[in-house]
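Novice: need coordinates for the following:
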Amino acid sequence: KGNTGDPWTPVKKDEGKALTVQAAGFTYILLHDLLLTGDYKAGVAQDVHPSDGEGAEILGWVLVRGQGKTEGLHERRIPLPPAIRLRLGSSQARSELGAMARRRIEATATMRGKVLRLALCSLFQAGAEALDFKDDRPDKWLDRFEDQVDRIFFEELWSDLDLPPVEADRRWERRLMDLAREALDTAIHSIPLPSARRYRALASAERLFGALVHKRFPELYSGKA
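Specialist: Residues are numbered from 1 along each chain as shown. As a prediction, the model looks like this:
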């Protein structure tokens, strides 16, 4: 199962199987699983030591196999500030950090699939009464949103670590709302729309976006932290 006992490769505990990375590479979701869930037995090179110094980081590097081809050489670096290294060395602190990250992953999935996707469908379908949820035209913009989340996920997680959990969650939700709004605005200014239905499409998409954010993330409008 690929478990050769080398110093670098994480091994899935319940299967005894070495990590297999998919074509997307070291996404924030995969790195959450590797670093914070306890589902993987880390290679000894992943152990945190006091002597690691100020410039310590997690480095992921892999050549992904495909069907009769390769899916690319992937590299990902995640800087580890001293405070984060201390938490990763404690099972309880790591568990708390993992719970916070999991909530953020779930919030991202909700913003992507239950807010932004529906607003984009409404835009592309010019405000149709019954939306076709199989429409794949929004996928390009959803992928851009996901890329933006991936870029900032760990930096934001580290920076919010010492905030009260509720405040930290709201900060992330606001960040997601801003990124989703940016993706929708970019789509509005980029895609061709029938001139006769353009304003209906824009109004419908923007109205639906606001309504869905209010529905899925009501705390953002409650006046609470």
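
Novice: in which helix or strand does Ala203 reside?
Specialist: helix 198-216 (DSSP states H and E).

Novice: return the helix or strand in the protein with minimum mean pLDDT.
Specialist: Of all helical and strand segments in the chain, the minimum by mean pLDDT, DSSP states H and E falls on helix 82-88, at a mean of 86.

Novice: tell me where this protein has helices.
Specialist: Along the chain, the stretches classed as helices by DSSP state H are 28-36, 82-88, 91-110, 117-124, 139-159, 165-188, 198-216.

Novice: same for the longest one, what does it pack against?
Specialist: Read that as helix 165-188. helix 91-110, helix 117-124, helix 139-159, helix 198-216 (3 or more Cβ pairs under 8 Å, 6 or more residues apart in numbering; DSSP states H and E). Where C-beta positions appear, they are placed from N, C-alpha and C, glycine not excepted.

Novice: list the buried ones in the helix holding Ala203?
Specialist: 201-202, 204-206, 208-209, 212-213, 216 (16 or more other Cβ atoms under 10 Å).

Novice: between helix 91-110 and it, find me the angle.
Specialist: Relative orientation of helix 198-216 and helix 91-110, computed by axes from the mean of the first three to the mean of the last three Cα atoms, to 10 degrees: 150 degrees.

Novice: can you give the contact residues for helix 198-216?
Specialist: The contact list for helix 198-216, computed with Cβ atoms under 8 Å, 6 or more residues apart in numbering, reads 110-111, 114-116, 118-120, 122-127, 177, 180-181, 184, 188, 193, 220-221.

Novice: of those residues, select the buried ones using a ChimeraX command.
Specialist: Here is the ChimeraX command that picks out the buried ones among the contacts of helix 198-216, judged by 16+ other Cβ under 10 Å:
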select :110,111,115,116,118,119,120,122,123,124,125,126,127,177,180,181,184,188
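
Novice: now the residue lying farthest from the centre of the chain: how far from Gly68?
Specialist: No residue in the chain sits farther from the centre than Ala196, which is 37.0 Å out by Cα atoms, centre = their mean. Computed as Cβ to Cβ, to the nearest Å, the Ala196 to Gly68 distance reads 48 Å.

Novice: ok, Leu86 next?
Specialist: Counting by Cβ to Cβ, the gap from Leu86 to Gly68 is 45 Å.
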